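**Student:** Need coordinates for the below:
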Amino acid sequence: MKKKRGFIAAGFLSTAAALTLIASPNLFAKGDANTTVSKLEALTKFTRVIGTVEKYYVDDLTINEIINKAIKGLMANLDAHSSFLDAKSFKEMKIQTSGEFGGLGVTVGMRDGALTVIAPLEGTPAYKAGLKAGDIILKINDKSTLNMTLDEAVSLMRGKPKTKITLTIVRKNEPKPIVVTIIRDIIKIQSVYTKKVGNDILYVRIVSFDKKVVKDIKKALADNPSAKGLILDLRNNPGGLLDQAVGTVDLFVDKGVIVSQKGRVKDENEIFKAHEKGTYRKIPMVVLVNGGSASASEIVSGSLQDHRRAVVIGEKTFGKGSVQIIMPINKTEALRLTIARYYLPSGRTIQAVGVTPDILVPFGKVTVEENAFSIKEAELKKHLESELEKIETKGTDRTKTKKLTPKKERVITKEDLYNDNQLKEGVDILRALIITQEKK
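**Tutor:** Just a heads-up that it's a prediction; the model follows:
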């Protein structure tokens, strides 16, 4: 961040306390007289509502409880990623960002109002239990996720290592909801895996963009100097650190904009550019993406696509291209607020749009129609409510825990290519690019 940020919180005590709000110099620092009057009227209306709820609501709520509910409602209606962090949520957020924590190893987001799996991280409990990108989490233990905020859902899924959690999920092409029991664990992730395809292609799988990704990619390239082509697999990569995404693109692009960040506040605007030094300019590249590729992985794939530096293959990405920061409002509470959006070199945004591959290839034998689990938000809510009714009347299927672990083989086999047509398409196109490069 360019500078430290604070947030001035005004206290609401009763209807009569409106004047303390109005007197705040920051509220009316900008704008003409009409704007000031408009703000005054809006704040007066809000304070009247607070006073009415405090006086007449059926349950006895403290003024602090009413204000907290009002703030939560405001933040939830801004976008899916902005939220109010009360004392408990703020403390959990600090624990999560400070190091190890007990959890499932799954990244989730709100898509069309439903709690959706962006991607299970490889080698984690969620991955081993068989969760897939695109799964909709209908219940966490016995609690329905309908109308639940993203923070509430994440808080419920996090917990002490070695404790059980039960998720009820809705999955495309499954006739009824599936129940999965997962054992929480300390989340430790290996972010970069490398393999060879034949003797001439280097395959690099990036699980998430942690602080060592650029270093690990450089090492992989240095350890394989004979590689004539590179496959960058970003499928089911939920994102991570922006500097690692920028650094990854910078390894393969020698000039121009990598990504820009734009918001209402000019101080938040930033442009990240490529550098010529240390660039692998000539090695042909293919990038694999799918619906589980989000945030930082969309910046990498979209930027390489805009620079015509790589052929992007697979399925449309998730569409998470906004910037959030934590803004404390006191010692124990904070706001997570969207303050900017990312823009690719061509000027297009990722948010809610995603990156469309150059070549659309559904995974495995799934057809394009089967792969599109796209129900409009209003229809989706009705669909999920009907799925809840199925649970109550007909029961659910319980999946068997799958013993899935990252493969240890250092070579992509013919069987791997047979079972992964996105990878096979990538290899075929990359070999054609290698031949073209050699002719040049």
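**Student:** residues in contact with the nearest residue to residue 239 once chain neighbours are set aside?
**Tutor:** Nearest residue to residue 239 in three dimensions, chain neighbours excluded: residue 295, at 2.8 Å (C-beta to C-beta, 6 or more residues apart in numbering). To be clear about C-beta, it is placed using only N, CA and C from the backbone, and glycine gets the same treatment. Residues in contact with residue 295 (C-beta atoms under 8 Å, 6 or more residues apart in numbering) are 238, 239, 240, 318, 320, 321.
**Student:** now the residues you listed as JSON lines including pLDDT, secondary structure and distance to residue 248?
**Tutor:** Formatted as JSON lines, these follow (pLDDT from 0 to 100; DSSP: H, G, I helix; E, B strand; the rest coil; distance: C-beta to C-beta, whole Å):
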{"residue": "238", "pLDDT": "87", "secondary structure": "coil", "distance to residue 248": "15"}
{"residue": "239", "pLDDT": "89", "secondary structure": "coil", "distance to residue 248": "12"}
{"residue": "240", "pLDDT": "86", "secondary structure": "strand", "distance to residue 248": "10"}
{"residue": "318", "pLDDT": "92", "secondary structure": "coil", "distance to residue 248": "18"}
{"residue": "320", "pLDDT": "92", "secondary structure": "coil", "distance to residue 248": "17"}
{"residue": "321", "pLDDT": "92", "secondary structure": "coil", "distance to residue 248": "16"}
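**Student:** By neighbour count, which of the residues you listed wins?
**Tutor:** Neighbour tally across these (other C-beta atoms under 10 Å): the maximum, 30 neighbours, falls on residue 318.
**Student:** Can you tell me the closest non-neighbouring residue to it?
**Tutor:** residue 294 is the one closest to residue 318 (C-beta to C-beta, 6+ apart), at 3.7 Å.
**Student:** How many neighbouring residues does residue 276 have?
**Tutor:** Count around residue 276 with other C-beta under 10 Å applied: 10.
**Student:** Give me the three-state assignment for the closest residue to it other than its chain neighbours.
**Tutor:** Distance criterion C-beta to C-beta, 6+ apart; nearest residue to residue 276, sequence neighbours excluded, is residue 254 at 4.4 Å. Under DSSP: H, G, I helix; E, B strand; the rest coil, residue 254 falls in the coil class.
**Student:** Next up, the contacts around residue 254.
**Tutor:** Residues near residue 254 by C-beta under 8 Å, 6+ apart: 274, 275, 276, 279, 281.
**Student:** Quick check: the farthest pair among these?
**Tutor:** The widest separation within the contacts of residue 254, taken as C-beta to C-beta, falls between 275 and 281 and amounts to 11.9 Å.
**Student:** wait, which of the contacts of residue 295 is closest to residue 112?
**Tutor:** Using C-beta to C-beta, the contacts of residue 295 come closest to residue 112 at residue 318, 12.2 Å.
**Student:** Could you check how far that closest one is from residue 298?
**Tutor:** 7 Å (C-beta to C-beta, to the nearest Å).
**Student:** Thanks a lot, catch you later.
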